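Chemist: Here is a sequence with its predicted model. Questions after.
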Amino acid sequence: MTPTIELLKSHRSIRKFTDQPLSRALLETLIEAGQAAATSSHVQAYSVIHVKNPDNRARIAELAGGQSYVATCGAFLVFCADMKRPTEAAERTGARVVRGMTEQLLVASVDTALMAQNVAVAAESEGLGICYIGGIRNNPQAISELLALPDQVFPVFGMCLGYPAHAPDVKPRLPVAAILKEDRYHDDQAAVEAYDAAMQAYYQSRKGGAKATTWSQNLTPLFDTKLRPHMHDFLVARGFEMK
């Protein structure tokens, strides 16, 4: 197993950080590593907001559901899907730009996720810890106003970065048998049931206290309620009309 694969398989979300700051040079190096990710048609449909203002970070922590580590990590980034830059660049060449296509939303979202994951891996290779913050989509309009995001740009997720102050256990993933399917899709219920047992054992033994639940049970909040129903209207209002 190569060091790169070992690093990837050792990922944990870090929510407690030391006071050691990130240097600007390191932050820029991480962003450059992010930019090296694959991008659809070389569009590079993303922007990253480095939130430095303490009051803004505290406000984002609140808007994201009271996640205090947003305010206390070494650096906090908001990764934004950005179709403003590429559409305006094309328009300046004389192109008759069509905005609001669903494919543009998908391209920008996928580009942003790929770029962010490169940043995450690069950060962990430098001894940093990271934690994605999807909670910023709880209040995307307020986040957008706070960060002065224009139309055709929306916040996809945040990322806490910093030097770890704890070492949580690596959380087990679904078995490869559930994910890797040969030639066609096939049912994976047996693999999921085995994974539920493994996750229950993990929760009962991990550092920081016991938790009696399974992976399947943890999915309940995602599917027994309408999760973030405001996102459709918000995206349409931002210019992502999904035509």
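Modeler: Perfect, I can see it now. Residues are numbered from 1 along each chain as shown.
Chemist: What lies in contact with the longest helix along the chain?
Modeler: Counting residues, the longest helix in the chain under DSSP state H turns out to be helix 102-125. With contacts defined as CB atoms under 8 Å, 6 or more residues apart in numbering, helix 102-125 is touched by 7-8, 10-11, 29-31, 33-41, 43-46, 48, 77, 79-83, 87, 129-130, 132, 156-157, 159, 161, 235, 240, 242-243. Yep, even glycine has a C-beta here, placed from its N, CA and C like the rest.
Chemist: Show the buried residues in those residues.
Modeler: Listed as buried from these are 30-31, 33-34, 37, 39, 43-46, 48, 77, 79-83, 87, 129-130, 132, 156-157, 159, 161, 235, 240; burial here means 16 or more other CB atoms under 10 Å.
Chemist: Dump the worst-scoring helix or strand of the chain on mean pLDDT to PDB, restricted to CA.
Modeler: Every helix and strand of the chain was ranked by mean pLDDT, DSSP states H and E. The lowest is helix 220-223, at a mean of 85. What follows is helix 220-223 as a C-alpha-only set of coordinates in PDB (Å, rounded to 0.1, in the frame of the first residue of the first chain):
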ATOM      1  CA  THR A 220     -33.400   8.400   9.200                       C
ATOM      2  CA  PRO A 221     -33.200  12.200   9.500                       C
ATOM      3  CA  LEU A 222     -32.100  12.500   5.900                       C
ATOM      4  CA  PHE A 223     -35.200  10.700   4.500                       C
END
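Chemist: Adjacent strands (with direction) for the longest strand seen in the chain?
Modeler: Longest strand in the chain, counting residues (DSSP state E): strand 153-162. Strand 153-162 has the following strand partners under DSSP bridges: strand 75-82 (antiparallel), strand 129-133 (antiparallel).
Chemist: Show the average pLDDT along the longest one.
Modeler: In this model, strand 75-82 has a mean pLDDT of 98.
Chemist: can you list contacts of it?
Modeler: Contacts of strand 75-82 (CB under 8 Å, 6+ apart): 21-22, 27, 45-51, 57, 60, 70, 105, 108-109, 111-113, 115-116, 119, 136, 143, 147, 149, 152-162.
Chemist: Could you identify the helix or strand that succeeds that strand?
Modeler: helix 84-92 (DSSP states H and E).
Chemist: Could I get the buried residue list for that following helix?
Modeler: K84, P86, T87.
Chemist: residues in contact with the last one?
Modeler: When contacts are counted by CB under 8 Å, 6+ apart, T87 is found next to V97, R99, Q104, Q152.
Chemist: likewise the second one?
Modeler: Contact analysis of P86 by CB under 8 Å, 6+ apart lists V43, Q44, A45.
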